[in-house]
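K.L.:
Have a look at this prediction, sequence included:
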Amino acid sequence: MMESRVTQKCHARFGERDRETRSPQGLKVRSVPTPFSPLLSSIALHGLENLINQEFPVNKAGKIKGAKSKFGYEISQTSFIRYADDFVVLSESKAVILRCEELIREWLKGIGLELKPEKTRIAHTLHPHLSEDGKPGFDFLGHHIQQVEVGKYRDNKNSQGTRLGFITLITPSKKAIEAHKQDMKSIITKHRSRSQAELIKDLNPVIRGWASYYRVSDAGTTGDFARLDRVTYLLLRRWAKRQTGSINLGHQKYWHTIGDNHWVFTTRSESNPLRLLTHIEFHKARERLCQGSW
């Protein structure tokens with residue numbers, strides 16, 4: 001059984017294909033992604049969603065004809081979400097998911113492709129014991145999607161007004177967070193003997209791009225942004241100690257007060273100081289945007 005009592009949502013992820021081949025000379029050749037790779041992948045996988053919809057036709061209410069869960073509820077239409085060669089199939093029934101996996105394997109075999117085993121898994125978004133690897137949720141496009149049980153004051157309701165008992169969190173995946181940490185660390189290491197201004201100019205685009213991408217997720221409310229800012233501070237503190245020979249001197253030279261914030265990594269310029277961006281400020285920007293919209 002792989003379904004939730006209310007949403008009955010479970011997820012099967014089928015991902016990238018292994019494109020590594022060998023030439024007749026024994027040299028290893030790996031195809032290099034190009035700007036056209038997502039487009040070519042979309043063309044190659046065109047029709048897969050129609051195949052699934054044909055296998056599970058729905059009625060006017062959007063329910064699969066003749067299919068019911070073990071609790072007697074009608075099963076909603078299967079969802080197929082794809083970007084390039086990375087895709088997710090969502091259904092309220094594990095039996096539907098398993099049948100979709102069979103269809104996809106057969107369909108890919110017909111065009112000379114196959115699923116990549118290490119990127120293929122069946123998982124439940126809420127209950128870990130219902131996932132094949134014991135881990136709830138799944139990763140997709142750098143995000144981790146998972147449901148967590150909450151009390152009635154944080155609870156959501158469905159369209160019929162019934163309490164769900166859980167909320168859905170979309171956060172940066174662990175792999176994405178670790179990669180971002182390594183990016184920042186490599187930039188700071190590269191600037192061991194350079195000025196603070198040069199370091200800030202190189203760090204800001206990385207922080208801005210990453211935080212902007214995850215701004216619409218729950219990274220701010222779950223503490224991911226705050227933890228990354230803490231990691232950034234520790235990396236910068238080590239850099240400052242190397243520059244001045246002392247942590248205290250590093251704080252005095254490189255961290256200053258701007259407004260109500262007394263710990264800003266910024267240059268000393270009075271007129272136009274160069275300030276390092278933080279991750280958490282992108283979450284605050286999102287809150288202001290939501291408050292000002294209809």
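P.N.:
Cool, the structure landed. Residues are numbered from 1 along each chain as shown.

K.L.:
Low-confidence stretches in the chain?
P.N.:
Low-confidence segments of the chain (pLDDT under 70): 1-38, 69-72, 270, 284-294.

K.L.:
And the helices in it?
P.N.:
Using DSSP state H, the helices of the chain run over residues 37-44, 48-55, 94-110, 174-190, 196-213, 224-244, 247-254, 280-291.

K.L.:
Turn these into TSV, columns for distance to His144 and mean neighbour count.
P.N.:
Backbone N, C-alpha and C define where each C-beta goes, glycine included. As requested, these are exported to TSV (distance: least, CB to CB, whole Å; neighbours: other CB atoms under 10 Å):
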stretch	distance to His144	mean neighbour count
helix 37-44	22	14
helix 48-55	24	15
helix 94-110	19	16
helix 174-190	7	15
helix 196-213	14	17
helix 224-244	10	18
helix 247-254	34	15
helix 280-291	17	14
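
K.L.:
Of all the ones you listed, which one comes closest to Asn158?
P.N.:
With distances scored as CB to CB, the stretch of the helices of the chain nearest to Asn158 is helix 94-110 (20.0 Å).

K.L.:
and that closest one, what other elements does it pack with?
P.N.:
With contacts defined as 3 or more CB pairs under 8 Å, 6 or more residues apart in numbering; DSSP states H and E, helix 94-110 has these neighbours: strand 10-14, helix 48-55, strand 86-91, strand 121-124.

K.L.:
Please name the residues that touch Asp260.
P.N.:
With contact taken as CB atoms under 8 Å, 6 or more residues apart in numbering, Asp260 is in contact with no other residue.

K.L.:
Gly134 now?
P.N.:
Gly134 makes contacts with Pro128, as judged by CB under 8 Å, 6+ apart.

K.L.:
For Ser195, grab phi and psi.
P.N.:
Reported as degrees, to the nearest 10, the phi and psi values for Ser195 are phi -80, psi 160.

K.L.:
for His46, same thing?
P.N.:
Here His46 shows phi and psi, under degrees, to the nearest 10, equal to phi -60, psi 130.

K.L.:
How much space separates it from Gln77?
P.N.:
20 Å (CB to CB, to the nearest Å).

K.L.:
and those two? which has more neighbours close in?
P.N.:
Neighbours were counted for His46 and for Gln77 using other CB atoms under 10 Å; Gln77 has more, 18 against 10.

K.L.:
Quick check: the more buried one touching Lys60?
P.N.:
No: using CB atoms under 8 Å, Gln77 and Lys60 do not qualify as a contacting pair, with a distance of 11.3 Å.

K.L.:
Identify the contacts common to those two.
P.N.:
Shared contacts of Gln77 and Lys60 (CB under 8 Å, 6+ apart): none.

K.L.:
For Glu149, which non-adjacent residue is closest in space?
P.N.:
In this structure, Glu149 finds its nearest non-sequential neighbour in Phe166, 5.0 Å apart by CB to CB, 6 or more residues apart in numbering.

K.L.:
coming back round to it: looking at the helices and strands packed on helix 94-110, spot the one closest to Leu236.
P.N.:
Nearest of the helices and strands packed on helix 94-110 to Leu236, taken as CB to CB: strand 86-91 at 34.3 Å.

K.L.:
I'd like to know how many residues surround His143.
P.N.:
Taking other CB under 10 Å as the criterion, the count of residues near His143 is 21.

K.L.:
What residues are bridge-paired with it?
P.N.:
Taking DSSP bridges as the rule, His143 bridges to Phe140, Pro172.

K.L.:
contacting residues around it?
P.N.:
With contacts defined as CB under 8 Å, 6+ apart, the neighbours of His143 are 170-173, 176, 214, 217.

K.L.:
likewise Ile145?
P.N.:
With CB under 8 Å, 6+ apart as the criterion, the residues that contact Ile145 are 11, 125, 137-139, 168-170.

K.L.:
Could you find the closest non-adjacent residue to His283?
P.N.:
Spatial nearest neighbour of His283, excluding adjacent residues (CB to CB, 6+ apart): Gly220 at 2.6 Å.

K.L.:
Does that neighbour touch Asp229 like I think?
P.N.:
No: taking CB under 8 Å as the contact criterion, Gly220 and Asp229 are not neighbours in contact, 10.9 Å apart.

K.L.:
overlap in contacts of these two?
P.N.:
Common neighbours of Gly220 and Asp229, using CB under 8 Å, 6+ apart, are Ile280.

K.L.:
Give me the contact list for stretch 172-191.
P.N.:
Stretch 172-191 has contacts (CB under 8 Å, 6+ apart) with 139, 142-144, 198-199, 202-203, 206-207, 210, 214, 217, 219, 224, 228, 231-232, 235-236, 238-239.
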